[in-house]
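Enquirer: sequence? don't have it. structure:
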DNA sequence: TACTATAATTGTACCGGTACAATTAATCAA
DNA sequence: TTGATTAATTGTACCGGTACAATTATAGTA
């Protein structure tokens, strides 16, 4: 683990353990430098990470402050998108409906940037948060990159497996969101009525070298899915 | 404008003008350094900005590459959230229904961190993209921070006015999203039926000093609102 | 040809430093 | 007490440098 990531993790841990509130002030840069025994630029980088994550905000001439949002029940949109296995204290479980090797249809192939003759893993799951139906997910993995999957891996975190055992690194993702109505089969999985409202998110996950390796379609239960996004100011 | 922002803007402009595609390679760091006559760290900062924005991705040992998503019609979720006035080539217009000074109710006051006796501006708009109904918006501005608003300002961009004329800087925002059904009045504004599905986003905008100054509730037309979020890999 | 080992390329981590702008605290004047 | 001026605090911009890890290209070997 990189030094600045380590420092960031420790600072975040400190904030959580001491249950700091929005606006609480952290030690000044120079003190953090000596406290974690790293250079200024490393502390700066750690803090920048935490700022992006929505954990702190920095104010020039003033200090470093804790940032919090105060809506329990809202999950971070990104934490549900494979990037973080951490959902706070919530328990995430899965019903695995399908794990199989198939050929992609034209849409899937195009989103993954592969040919319809290439192999993909198809994974179908219903996911639960604290026992309540959360979403229905259908996702496709490029077999050339993810050569093996089974029900145990899929029941747990696919991303941890991919990054751990396969040693590939995930780089970035494009998420496409839209609102619509449930189909009959989707409604069945989610325990809702056909035509009920739903949020659909398609995501294309890329490796750090830019190659797509996972295309996933998630249909959310509209009553159990509330998301928070902590954004940072105008980039430029 | 800061040097690294300037450089970032120029690089992005270069990419757009030359219509570079996903995966196209940019000049190497050292060349960019001399080309823009800035130090390594400034170039690095500029590139990091573009990476966060989803314009490029960097691969150590390899180079700097253009990142693109290929779904026209999808708007960046953040560009619709006040941070950027730029919506590409789309035309954004507004019907202003109300601009008035009132007292906030308990919910609004709590979200803005003020008292129910404090004054707020209430702004109510229906917004259009290329002439099509896009969303219905109800937002509240802390009058102590935004002392004056009128219909002209509101019809245009409130954020440009606030940052320009008032000289305050916007820091960060918390967005809360959920899916639901339209009420009768909402349906009327959006030209839809009652009980139709909708995406609701509440956003609390903070100044860079952490003080909330705008609480806004947006109800989107589900057929005309498709969003893209370009996310970057695991922060840590 | 195909595979392996080596070298060159290239971005990132980390260090330390100066200058500066925004904020806040202290000082002084009315 | 209030308001303005000055000074101290504090994070950020920008500079330049070394070391290194990941990738790609090259050379060598079977």
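Expert: That came through, no problem. A quick note: this is a predicted structure, and the numbers were derived from the prediction, not measured.

Enquirer: does the helix or strand of chain A with the lowest mean pLDDT come close to DNA strand D?
Expert: Using mean pLDDT, DSSP states H and E, the weakest-scoring helix or strand in chain A turns out to be helix A:158-164, at a mean of 85. No - looking at helix A:158-164 against DNA strand D by Cβ under 7 Å from any atom of the strand, there are no contacts, and the closest approach is 12.5 Å. Using the backbone N, CA and C atoms, a C-beta is placed for each residue, glycine as well.

Enquirer: may I see the buried residues of that helix?
Expert: Of all the residues in helix A:158-164, those buried under the rule 16 or more other Cβ atoms under 10 Å in any protein chain shown are A:158-159, A:161-162.

Enquirer: which helices and strands does the helix ranked longest in chain A pack with?
Expert: Assignment by DSSP state H gives helix A:3-17 as the longest helix of chain A. On a contact count with 3 or more Cβ pairs under 8 Å, 6 or more residues apart in numbering or on different chains; DSSP states H and E, helix A:3-17 meets helix A:29-36, helix A:40-52.

Enquirer: residues contacting the helix or strand hosting residue A:187, please?
Expert: When elements are assigned from DSSP states H and E, residue A:187 belongs to helix A:184-190. Applying Cβ atoms under 8 Å, 6 or more residues apart in numbering or on different chains, the set of residues contacting helix A:184-190 from outside is A:126, A:133, A:135-136, A:182, A:192-196, A:198, A:219, A:221.

Enquirer: assign the closest residue to DNA strand C within chain A to helix, strand or coil.
Expert: Checking chain A residue by residue against DNA strand C with Cβ to the nearest atom of the strand singles out residue A:61 as nearest, at 2.0 Å. With DSSP: H, G, I helix; E, B strand; the rest coil as the basis, the three-state label of residue A:61 is coil.

Enquirer: okay, now it: neighbour count?
Expert: Residues contacting residue A:61 under the criterion other Cβ atoms under 10 Å in any protein chain shown number 4.

Enquirer: please identify which pair of the buried residues of helix A:158-164 lies farthest apart.
Expert: A:159 and A:161 (7.1 Å; Cβ to Cβ).

Enquirer: partner strands of the helix or strand following the longest helix of chain A, with direction?
Expert: Later in the chain than helix A:3-17, the nearest helix or strand by DSSP H and E is strand A:25-26. Next to strand A:25-26 in the sheet, as set by DSSP bridges, lie strand A:63-66 (antiparallel).

Enquirer: identify all contacting residues around the strand it pairs with.
Expert: Residues from elsewhere that reach strand A:63-66, judged by Cβ under 8 Å, 6+ apart: A:15, A:20-29, A:32, A:47, A:55-59, B:210.

Enquirer: near DNA strand D, which residues of chain A?
Expert: For chain A, the contact set with DNA strand D under Cβ under 7 Å from any atom of the strand comprises A:26, A:28-30, A:40-41, A:44, A:47, A:58-64, A:169, A:208-209.

Enquirer: mark which of these are buried, thanks.
Expert: Taking 16+ other Cβ under 10 Å as the criterion, what is buried in the residues of chain A next to DNA strand D is A:26, A:44, A:47, A:58, A:64, A:208.

Enquirer: how about the nearest residue to residue A:149, chain neighbours excluded?
Expert: Closest residue to residue A:149 in three dimensions, ignoring its sequence neighbours and counting by Cβ to Cβ, 6 or more residues apart in numbering or on different chains: residue A:121, at 4.9 Å.
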